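K.L.:
Pasting a predicted model and its sequence here:
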Amino acid sequence: MTRTELEERVEEAALLVSESEYVVALCGAGVSVESGVPTFRGPDGLWTRLGQPSTNSYREFLDDPKSWWEQYLSRSADPARAEFRDAIERAEPNAGHAALVELERAGVLQHTITQNVDDLHRRAGSRKLTEIHGNRTLVRCIGCEARWPREQIAVEEYPPTCAQCGGMVKADSVMFGEPIPHGALETSLLEIERCDCILLVGTSATVMPSAGFPRKVAERGGCVIEINTEETGMTEQADVVLRASAGEAMRMLARRVLESTRPSTGSGRTGFGSS
Ligand code: APR
């Protein structure tokens with residue numbers, strides 16, 4: 001996409017956002033690429049290079065939580081996890097995260113649902129945030145779903161148990177085969193019910209239940225704006241496609257939307273359609 005084409009698409013996307021009542025962002029690994037965190041799929045994706053973890057990961061954890069905790073605390077992860085963990089521990093939020101925060105603070109973005117566990121949205125300042133696949137800096141009780149910082153868990157015995165309900169505690173990151181925590185799923189579904197414009201930012205939109213969210217919005221006549229460097233299964237259904245990195249496209253989109261929402265400064269660019 002040429003620069004001029006991107007600017008034109010951003011103009012169209014900004015108009016759709018400004019005309020919408022309830023904008024929700026659904027984010028994936030592509031948002032964190034400019035922070036140095038690898039994606040999972042696609043040519044250089046973690047799963048592509050090192051293989052996807054077993055879909056029985058959660059079953060294996062439940063069968064032997066003690067061994068899982070011993071490996072988790074010893075940081076003796078397999079190469080895929082070690083690479084992902086090390087990249088995240090070096091990562092800082094990037095312009096894409098910051099643009100989402102700007103739109104949230106301006107009251108334009110009502111909620112962000114992220115599939116990323118890297119904590120970068122929260123560190124950037126997002127507050128209207130659901131981490132549907134969890135947050136790797138937290139642990140969670142699988143009984144009552146209470147979450148708290150990993151450092152606060154005193155691991156005298158494996159697996160640690162919840163002080164509130166006595167349930168078993170695990171890392172908050174959702175494992176393959178693990179149900180999405182009820183609270184996160186319920187909030188996400190409520191936000192998607194209210195959404196009339198969804199920003200698909202850096203996600204292949206292939207993993208349920210998140211992959212179903214843009215389809216629900218489109219079926220209700222809401223608009224879908226895809227921000228991705230590559231085509232996805234949602235490209236055909238998108239009303240506008242910003243074929244660029246999340247950092248560049250989100251910065252341009254936030255700037256254009258916020259220009260149109262600011263009171264006129266005599267600069268001539270007060271709303272849409274005015275040059
Ligand atoms: N800017 C925007 N998009 C990008 C960028 C970038 N700089 N770089 C890559 N992308 C896009 C890719 O084209 C791809 O469509 O980001 C997407 C990443 O897709 P996946 O690797 O499938 O990641 P994601 O969609 O987040 O996967 C969902 O799958 O394995 C699970 O738990 C994992 O949360 C993850 C879920």
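P.N.:
Perfect, thanks for sending it. Numbers count the residues shown, from 1 in each chain.
K.L.:
tell me the centre residue of the protein?
P.N.:
Residue closest to the mean C-alpha point of the chain, counted by Cα atoms, centre = their mean, is residue 114 at 2.1 Å.
K.L.:
so what's that one closest to, chain neighbours aside?
P.N.:
residue 27 (4.2 Å; Cβ to Cβ, 6 or more residues apart in numbering). Bear in mind the C-beta positions are built from the backbone N, C-alpha and C, glycine included.
K.L.:
okay, now that neighbour: neighbour count?
P.N.:
Using other Cβ atoms under 10 Å, the number of residues around residue 27 comes to 30.
K.L.:
Is it bridged to anything, and to what?
P.N.:
Per DSSP bridges, the residues bridged to residue 27 are residue 114, residue 201.
K.L.:
Double-check it against residue 124; I have them as touching.
P.N.:
No - counting by Cβ atoms under 8 Å, no contact exists between residue 27 and residue 124, whose distance comes to 11.1 Å.
K.L.:
Can you name the element that comes right after the helix or strand bottoming out on mean pLDDT in the chain?
P.N.:
Sorted by mean pLDDT, DSSP states H and E, the helices and strands of the chain end with helix 79-90, the least confident at a mean of 85. Toward the C-terminus, helix 79-90 is succeeded by helix 95-105 as the next helix or strand (DSSP states H and E).
K.L.:
Please list all residues in contact with residue 196.
P.N.:
With contacts defined as Cβ atoms under 8 Å, 6 or more residues apart in numbering, residue 196 is in contact with 20, 21, 22, 23, 217, 220, 221, 222, 223.
K.L.:
hmm, back to that, shouldn't the residue nearest to the centre of the chain be in contact with residue 31?
P.N.:
Yes - assessed by Cβ under 8 Å, residue 114 is found in contact with residue 31 at 7.5 Å.
K.L.:
any shared contact partners between these two?
P.N.:
Among the neighbours of residue 114, those also in contact with residue 31 (Cβ under 8 Å, 6+ apart) are residue 121.
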